[in-house]
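S.K.: sharing a model that was predicted from the sequence below.
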Amino acid sequence: RRAAPPTPSGDQPPVSAVYDSLKINLPHPIMAYASFPFPHGTPLFPAASVVVRYLEDFTEHFGLRRFIRFRVLVTSTKWSRDEAVWKVSLANGETYDFDALIVSNGHYRLPRYPKVPGLPQWLSDGKAMHSAWYRRPAQLSPYKKIAVVGGGLSAHDVCADLTGVGKQVLHSIPSSPQDYPADSDLYHKVPRITSYGRDGELVFQDGSRAQGVDYVVLATGYECSYPFFSEPD
């Protein structure tokens, strides 16, 4: 059967964690540039693809593309006290000096994995992945019973995606359930997972267990990681 993308914890995470059904959680007038509003008729909470198009249109409208370098990794940024400049090194070997440095890439890059007994084996066996790799329910089409771990917005969205195509979903919520959907034939809230066992067994914080879980999606957030920063001279 077709497996979901293998994602052992040592793999490089994807460049973007945006999934197909993602919508922004801020009204677009708040996040728009004052000089360039979103097009008339844009939904108040647009899909991520609409925001991407808006940023592309903004770039073209103001002729900014000539100032942007794509697909070049910044490997090191170091402040030189003697020269009063930022020394910036790129993966292609180029180096540049800059008077100012603005880091605006966020922190949704390096997945955070909970330290739970048995989880490394599930990841190694290709039975679990972080939501950073999740894009659409079709990725998980071979699986019938899926656990989604996490209490944030991405966990909500993944659960909705999967139940929408008829998957049985166990939503492992780390705290007391509040403002979550009611349980149904396809959606069931469960406590924090305390161990991942063999043959699809999960053990929960209250001592209960689930059997026959085919796959786990870990919507467990991200680490703050800025490896390109170096100590000043």
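M.R.: Everything's here; your move.

S.K.: what comes up buried for the longest helix seen in the chain?
M.R.: Across the chain, the longest stretch assigned as helix under DSSP state H is helix 48-61. Neighbour counts over helix 48-61 (16 or more other Cβ atoms under 10 Å) mark 50-51, 54 as buried. In this view, the C-beta of every residue, glycine as well, is placed from N, C-alpha and C.

S.K.: now it, how far from the chain's geometric center?
M.R.: Put simply, helix 48-61 sits 20 Å off its chain's centre (Cα atoms, centre = their mean, to the nearest Å).

S.K.: and the next helix or strand after it, what does it pack against?
M.R.: Using DSSP states H and E, the helix or strand that follows helix 48-61 in sequence is strand 74-80. The contact analysis (3 or more Cβ pairs under 8 Å, 6 or more residues apart in numbering; DSSP states H and E) places strand 74-80 against strand 85-90.

S.K.: ok, the nearest residue to residue 78 once chain neighbours are set aside - how many residues close by?
M.R.: Nearest non-adjacent residue to residue 78, counting by Cβ to Cβ, 6 or more residues apart in numbering: residue 230, 4.0 Å away. When neighbours are defined as other Cβ atoms under 10 Å, residue 230 has 13 of them.

S.K.: low-confidence ranges in the protein?
M.R.: For the chain, the stretches with pLDDT under 70 are 1-11, 177, 231-233.

S.K.: all strands of it, in order?
M.R.: Secondary structure of the chain, counting by DSSP state E: strands at 74-80, 85-90, 95-98, 110-111, 128-130, 145-149, 168-172, 187-190, 193-196, 202-204, 209-210, 215-218, 222-223.

S.K.: partner strands of the second one, parallel or antiparallel?
M.R.: If I follow you right, that is strand 85-90. Paired neighbours of strand 85-90 in the sheet (DSSP bridges): strand 74-80 (antiparallel), strand 95-98 (antiparallel).

S.K.: and residue 118, which of the strands of the chain is closest to it?
M.R.: strand 193-196 (3.2 Å; Cβ to Cβ).

S.K.: can you pull the contacts of the closest residue to residue 162 other than its chain neighbours?
M.R.: Sequence neighbours aside, residue 169 is the residue nearest to residue 162 in space, at 5.1 Å (criterion: Cβ to Cβ, 6+ apart). For residue 169, the contact set (Cβ atoms under 8 Å, 6 or more residues apart in numbering) comprises 146-148, 159, 162-163, 186-188.

S.K.: could you measure from the residue sitting furthest away from the middle of the chain over to residue 97?
M.R.: Most distant residue from the mean C-alpha position of the chain: residue 82, 39.3 Å away (Cα atoms, centre = their mean). Per Cβ to Cβ, to the nearest Å, residue 82 is found 12 Å from residue 97.

S.K.: how far is stretch 176-194 from where the chain is centred?
M.R.: A distance of 21 Å separates the centroid of the chain from that of stretch 176-194, by Cα atoms, centre = their mean.

S.K.: ditto for stretch 152-161
M.R.: Put simply, stretch 152-161 sits 11 Å off its chain's centre (Cα atoms, centre = their mean).
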